[in-house]
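Enquirer: everything below, folded, please.
(2 chains)
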Amino acid sequence: MRFTAFDYAMWVAGAVLHLTIVTVMARRRLIGELPVFFSFVVCSLVSSVSIFVVLQLAGYAAYFYAFWIAQGLLNLLIFAVMYEVYRHVFKNYAALQRLGTLLFWWTGSVLLLIAVVLAASSPGSDASRMMTGLITIERSVRVIQVGLLLFIILFTSHFKLSWRHCVFGLTFGLGVYAAFQLIAVSLRAHIGPNANAIWGKLSVLAYAAGAIVWTRYLSIADTTVVEVRGPQKAELEKWNQALTHLLYR
Amino acid sequence: MSFSFLFLLAIALGLLYALWLAFRLKGIPVKDVSELENSAHRVDLSAFRNLVDLGEETFLRENLDAGEFRRIQRQRMRAAAEYVRRTAQNASAVLSLGEAVRLQSDPEAAEAGRKLLDCAATLRLKATLALMMLNLRIVFPGMRLSLGQVIDGYERFSSAAQRLTQLQGPYTRPVSATL
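Expert: Below you'll find the model as predicted:
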């Protein structure tokens, strides 16, 4: 595999974006609020630099293993980031938290099942069994990530829950990244090794797009509401009672 | 093109579309509670209570023939569902304030905001359940259905799991948190 000037340029751009995110998070004191996401960004930066160094010093074979090990670790961290997003979205809504959590885990289980079925039903187009296995795992992981993000967005949209700018941006960026990664890895699995170049470029562009979204949203301050009046709550409580009566009658 | 490839493409595009919709919704921030009051739907609570009153329903069931009862009951349930829909919209409007209410610097206002949000979330959840129930009763107007039993069952199951967790120690806490 040969690396072009575009690949190197994207590598540098990725590192710059990571550093920008780290700086923005530190300046806005968001590290304590989004510790898992911060760890993800730092790990991503470290792995990106390490892989680059491995490629220059040890050659392609070492780069291949380093890349897939880093990819596995980052994928695990993405799941942890998604759980962090989920916790942030629901923490203000105690009434919805239990239902949301139950549905979140159920969705995860169903997606895992779908991923296993998809993996079993498509044999892959690579001569190398190892490559076939890696692509199948990568695709399965992306299916679960995309599905869980879709669930979080649909659930919050249905109940019209509000997002903090930073948490919404985190989800938005993660969504863009996961969706394009899924398209890229599916193309790679469908077409075979001929799609390696498209896969690589699409993956890098997807990550860059996600990182730009993160940088933008992490910089926006949240707005606060001017006042909350009592009568509004009293009105909602009356309706709560009426609906409880209807549901229990 | 294989089915699995098209399926994966569809869910990826579905996520991008959902993100686009969420982005558009997020672009209309509500900054003041008075903004909500202007857009709130007025809903007549006593009229709603009358529509779902069990005594009223029994009276109609006993005094009308089966066909007529079903027709009238469907109309009543449709009207009740419309009321619940509007209430759900009002609750959603409050929920859309969300973090903006909670993040207020005045602790008293933040606490009031938290309570308001909790109340709105409970109402929104109940409205979803009530709408499911009312829609079922529009299809089957003669049906006697109480979601209370289902909710009670769920509550019992959930608290039993919580008790089990407390007995087993701190390591199983995440399991009970999912119920």
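
Enquirer: report whether the helix or strand where residue A:145 lies contacts chain B.
Expert: In this structure, residue A:145 sits in helix A:129-158 according to DSSP states H and E. Yes: using C-beta under 8 Å from any C-beta of the partner chain as the criterion, contacts between helix A:129-158 and chain B involve A:139, A:143, A:146, A:147, A:149, A:150, A:153, A:154, A:156, A:157, A:158. In this view, the C-beta of every residue, glycine as well, is placed from N, C-alpha and C.

Enquirer: of those, buried ones?
Expert: Buried members of those, scored by 16 or more other C-beta atoms under 10 Å in any protein chain shown, are A:139, A:143, A:146, A:147, A:149, A:150, A:153, A:154, A:156.

Enquirer: so how far is residue B:81 from the spatially closest residue to residue A:43 that is not a sequence neighbour?
Expert: Distances taken as C-beta to C-beta, 6 or more residues apart in numbering or on different chains place residue A:77 nearest to residue A:43, at 6.0 Å, with adjacent residues excluded. Per C-beta to C-beta, to the nearest Å, residue A:77 is found 44 Å from residue B:81.

Enquirer: is chain A contacted by the biggest helix by length in chain B?
Expert: Under DSSP state H, the helix in chain B containing the largest number of residues is helix B:107-139. Yes: with C-beta under 8 Å from any C-beta as the measure, helix B:107-139 is seen reaching chain A through B:109, B:112-130, B:133.

Enquirer: before we move on, back to that, make CSV from the buried ones among the residues of helix A:129-158 next to chain B and add pLDDT and distance to residue B:53 to it.
Expert: Compiled in CSV, these are given as follows (pLDDT from 0 to 100; distance: C-beta to C-beta, whole Å):
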residue, pLDDT, distance to residue B:53
A:139, 85, 55
A:143, 87, 49
A:146, 89, 46
A:147, 87, 43
A:149, 87, 44
A:150, 88, 40
A:153, 86, 39
A:154, 86, 35
A:156, 81, 35
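
Enquirer: pass me the low-pLDDT residue ranges in chain B, would you?
Expert: Across chain B, residues meeting the criterion (pLDDT under 70) sit at B:1, B:26-40, B:98-105, B:145-179.

Enquirer: quick one, domains of it?
Expert: The record assigns chain B these domain ranges, following automatic domain parsing: B:1-30, B:31-145, B:146-179.

Enquirer: helix or strand, whichever it is, which one in chain A has the lowest mean pLDDT?
Expert: The element with the least model confidence among the helices and strands of chain A, by mean pLDDT, DSSP states H and E, is helix A:230-248, at a mean of 68.

Enquirer: just the CA atoms of the helix or strand that contains residue B:20, as CSV, please.
Expert: Taking DSSP H and E as the criterion, residue B:20 maps to helix B:3-26. Taking only C-alpha atoms (Å, rounded to 0.1, in the frame of the first residue of the first chain), the coordinates of helix B:3-26 have been written out as CSV:
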residue,chain,number,x,y,z
PHE,B,3,-29.1,-7.2,0.6
SER,B,4,-26.7,-6.7,3.5
PHE,B,5,-24.9,-3.9,1.6
LEU,B,6,-28.1,-2.0,0.8
PHE,B,7,-29.3,-2.5,4.4
LEU,B,8,-26.1,-1.1,5.9
LEU,B,9,-26.2,1.8,3.4
ALA,B,10,-29.8,2.5,4.4
ILE,B,11,-29.1,2.7,8.2
ALA,B,12,-26.1,4.9,7.6
LEU,B,13,-28.1,7.3,5.5
GLY,B,14,-30.9,7.0,8.0
LEU,B,15,-28.6,8.2,10.8
LEU,B,16,-27.4,11.1,8.6
TYR,B,17,-31.0,12.1,7.9
ALA,B,18,-31.9,11.9,11.6
LEU,B,19,-28.8,14.1,12.4
TRP,B,20,-29.9,16.6,9.9
LEU,B,21,-33.4,16.8,11.4
ALA,B,22,-32.0,17.0,14.9
PHE,B,23,-29.7,19.8,13.8
ARG,B,24,-32.7,21.7,12.3
LEU,B,25,-34.7,21.3,15.5
LYS,B,26,-31.8,22.4,17.6
